[in-house]
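J.: missing the sequence, but the structure's below:
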């Protein structure tokens, strides 16, 4: 009876040992991370060390990102159930109990791959048992006992070859409930646990990282909804218009209504400068060949300017202050001075050479 649980466990975990890697070469690509183990050995503490039975192939279908993070979905482990006939008809199956995350170092080929699994032995009630194990695989050497170890080797991108070595402590079978392991008392008589109860696996195979669409990853965590910040609206350039062609002068200042077109949501604000000018004609008398002749000269006089700012849809009213001399021009025109206004608008369209009348 002593050999039955050992052979059974060795075969069951051995099938796990037959998993991982299809081959690839080159740097890590974002996408699939496929492992296929085809050979290896299992070490159960100081009790036994045996090669994994030939013909057992198990795949691990995981995902990898360009940084080397390996995401192992819950359904990554793929293998058929094992049927035993000696000394009792038993079916042994291995399944992942939860997802996990590992890594591959693109520079060295070193791999760390934890697998949370459960081994289920089913020979019909009461010969059933579910044993949880956490196998932490790596590409270095790991000690099973003080005298036995399993040894891995880094991923070779030229051939895809890789050997993973992992150990898992055998749980204290007495702590398992009868509901999950009715045959725990039978197994407890054969399997060591505690400090001396380790299972070691050394698995050789190929690794393929072809990229492509990733496998579904049931992380068990519902990600929060993606918060997307909409791009800022593309605003139209500012357009300034004059609010009227008759401008009022009060106490030497001319108010200039400037409208900024559009709306805040669709148009940029208006900013710039308003400048008033007028034509002044002077008449002088000059002798030409002994005769007096009147000569007219017209020049452009700047009456003043002022800066303005207005949000789209709003009106600004800058005040242009007239100098004493320019106030006299207004009075000389009987408080109806013809002028021209120019409104500049930074980054947009303003008012050019618009005729206005300044009233005093």
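T.: Yes, it's here. Source: prediction; values computed, not measured.
J.: ok, the closest residue to residue 256 other than its chain neighbours - contacts?
T.: Leaving out its chain neighbours, the residue that sits closest to residue 256 by C-beta to C-beta, 6 or more residues apart in numbering is residue 274, at 4.9 Å. From N, CA and C alone the C-beta is placed, and that goes for glycine too. By C-beta atoms under 8 Å, 6 or more residues apart in numbering, residue 274 lies in contact with 256, 258, 305-308, 318, 320, 341-344.
J.: how about a cut-off of 6 Å?
T.: Applying C-beta atoms under 6 Å, 6 or more residues apart in numbering, we find residue 274 in contact with 256, 306, 318, 343.
J.: Of those residues, which pair is most distant in space?
T.: 306 and 343 (10.3 Å; C-beta to C-beta).
J.: Please determine how far residue 249 is located from residue 113.
T.: 86 Å (C-beta to C-beta, to the nearest Å).
J.: In terms of packing, which of these two has more residues around it?
T.: residue 113 (26 against 21; other C-beta atoms under 10 Å).
J.: what ranges do the helices span in this protein?
T.: 3-17, 184-188, 324-332 (DSSP state H).
J.: What's the mean pLDDT across the longest one?
T.: Across helix 3-17, pLDDT averages out at 54.
J.: Any idea which helix or strand in the protein has the lowest mean pLDDT?
T.: Lowest mean confidence among the helices and strands of the chain (mean pLDDT, DSSP states H and E): helix 3-17, at a mean of 54.
J.: Spatially nearest residue to residue 106, not counting backbone neighbours?
T.: With C-beta to C-beta, 6+ apart, the residue lying closest to residue 106 is residue 28, at 4.7 Å.
J.: next one: residue 77
T.: residue 96 (4.8 Å).
J.: As CSV, the contacts of residue 274 with neighbour count would be great.
T.: CSV is the format used below for these (neighbours: other C-beta atoms under 10 Å):
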residue, neighbour count
256, 26
306, 19
318, 20
343, 21
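J.: Now flag whichever of the residues you listed is closest to residue 77.
T.: residue 343 (75.2 Å).
J.: Against residue 305, how distant is the closest one?
T.: Distance from residue 343 to residue 305, by C-beta to C-beta: 10 Å.
J.: Any idea how many residues pack against the spatially closest residue to residue 264 that is not a sequence neighbour?
T.: Leaving aside its chain neighbours, residue 264 sits nearest to residue 312 (5.1 Å; criterion: C-beta to C-beta, 6+ apart). Residue 312 has 20 neighbouring residues, counting by other C-beta under 10 Å.
J.: so residue 312 touches residue 262, yeah?
T.: Yes. In this structure residue 312 lies within contact range of residue 262 using C-beta atoms under 6 Å: 4.3 Å.
J.: quick revisit: list the residues that contact the residue nearest to residue 106.
T.: Counted by C-beta under 6 Å, 6+ apart, residue 28 has contacts 64, 66, 68, 106.
J.: if we go to 8 Å?
T.: Contacts of residue 28 by C-beta under 8 Å, 6+ apart are 64-68, 104, 106, 209.
J.: Would you mind giving me the confidence score for residue 186?
T.: pLDDT, residue 186: 75.
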